[in-house]
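Asks: Can you look at this prediction? I've put the sequence above it.
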Amino acid sequence: MHVPKGSIVPLPTPFTGADARIDEDALRRIIEFQLENGSHGLSCTGTTGEPSSLSLAERKRVVEVVKDAIGGRVPFYPGTGNNNLTETLELTRHAVELGVDGVMIIAPYYIRPNQQNLFDYFGAVASEFPDTPVILYNIPGRAAVNIDPVTIGRLRDAYPNVVGVKHATKNLDDVSYTFVHAGRDFGVYCGAETLTYPMLTLGGSGHISATGVVAPKQIARLYELAAAGKWDEARDLHYEMLELNDMLFIEVNPVPLKTALSLMGLCEARWRLPLGPMLPENERKLLRTLSRYGIVEQRADAATGASA
């Protein structure tokens, strides 16, 4: 089964108005910005897309809008996982019926299942949709559970449609041992932005990086340089992007990211509680960084607060 490669950018879910309804026009603008700047694939309703702030109907609608806006131009791997199996199957079935290229399933969060529980959970999804590529989403900092490399290997052996894992972890041991247990041809995608280059050197298939939302050309280029064996150039670009990576996580994702997008004119700086605007001092730091990268101009009005 096909293993996707490249920069698969996780889209935010833009909101608008006092009621913070989904802004479909802004979502389409962001998608066009991605495609115009070379992103190799797109995802949505993952961490960056604030899925826990969305109803099931809203999550389905976001997937529909993204699928329509892409129009088959790049592969599409929406996040369809939740912290209960019934809703995960419902969301995955909806995406599969739309004709997506694959799905990304997060480890059930807050519940803290053991490794056998995780194997059974992911196996239930993979077996229900055997013709759909499944990318596991390992994000222990948010899920409070780590998908062990041995478990990943067991899943790959048992379910051929489990084709990869997004490792949003800074534990490079787990990345190495994922290849040991799941095979060197297994898809590993970096979800820890400052480790994009190191994971590629270990054999990663690409990255699912929030930084790619605001700097899609550079993040796609990083993969392309590595794929071409131009490791020195890729390493230089890695170091060049570190400050931006750090600044987009100065507060919890996607708050700085949406603030940046608002300064770029792509969507409003708007969230649903419990998320909200950045601290003013952090917003000023973000603006200075975006200005240094040439992403926005540092304007007097913007410096007073994108979320004002």
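Replies: That came through fine. Residues are numbered from 1 along each chain as shown.

Asks: how far is stretch 15-22 from where the chain is centred?
Replies: A distance of 22 Å separates the centroid of the chain from that of stretch 15-22, by Cα atoms, centre = their mean, to the nearest Å.

Asks: Okay, buried residues for that stretch please.
Replies: Across stretch 15-22, burial judged by 16 or more other Cβ atoms under 10 Å covers Phe15, Ala20, Ile22. Quick note: C-beta positions are derived from backbone N, CA and C, even for glycine.

Asks: Would you map the helices across this protein?
Replies: 24-36, 56-70, 85-98, 115-128, 140-143, 149-158, 172-182, 196-202, 211-214, 216-227, 231-247, 255-263, 280-292, 300-303 (DSSP state H).

Asks: Just list what the longest one packs against, helices and strands only.
Replies: To tie it back to what came earlier, the one meant is helix 231-247. helix 196-202, helix 211-214, helix 216-227, helix 280-292 (3 or more Cβ pairs under 8 Å, 6 or more residues apart in numbering; DSSP states H and E).

Asks: Looking at these, which is nearest to Glu32?
Replies: Glu32 lies closest to helix 216-227 among the helices and strands packed on helix 231-247, at 11.0 Å (Cβ to Cβ).

Asks: Now mean pLDDT, mean neighbour count and distance to Tyr189 too, for the helices of the chain, in CSV please.
Replies: As requested, these are arranged in CSV below (pLDDT from 0 to 100; neighbours: other Cβ atoms under 10 Å; distance: least, Cβ to Cβ, whole Å):
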stretch, mean pLDDT, mean neighbour count, distance to Tyr189
helix 24-36, 98, 18, 16
helix 56-70, 98, 19, 18
helix 85-98, 98, 17, 18
helix 115-128, 98, 17, 16
helix 140-143, 91, 17, 15
helix 149-158, 98, 20, 13
helix 172-182, 97, 18, 10
helix 196-202, 96, 20, 8
helix 211-214, 97, 28, 12
helix 216-227, 98, 21, 10
helix 231-247, 97, 16, 16
helix 255-263, 97, 24, 18
helix 280-292, 96, 18, 25
helix 300-303, 44, 12, 33
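
Asks: Quick one: residues contacting the closest residue in space to Pro133 that isn't next to it in sequence.
Replies: Distances taken as Cβ to Cβ, 6 or more residues apart in numbering put Gly102 closest to Pro133, at 3.4 Å, once the chain neighbours are dropped. Residues in contact with Gly102, defined by Cβ atoms under 8 Å, 6 or more residues apart in numbering, are Pro4, Pro75, Tyr77, Thr132, Pro133, Val134, Ile135, Val163.
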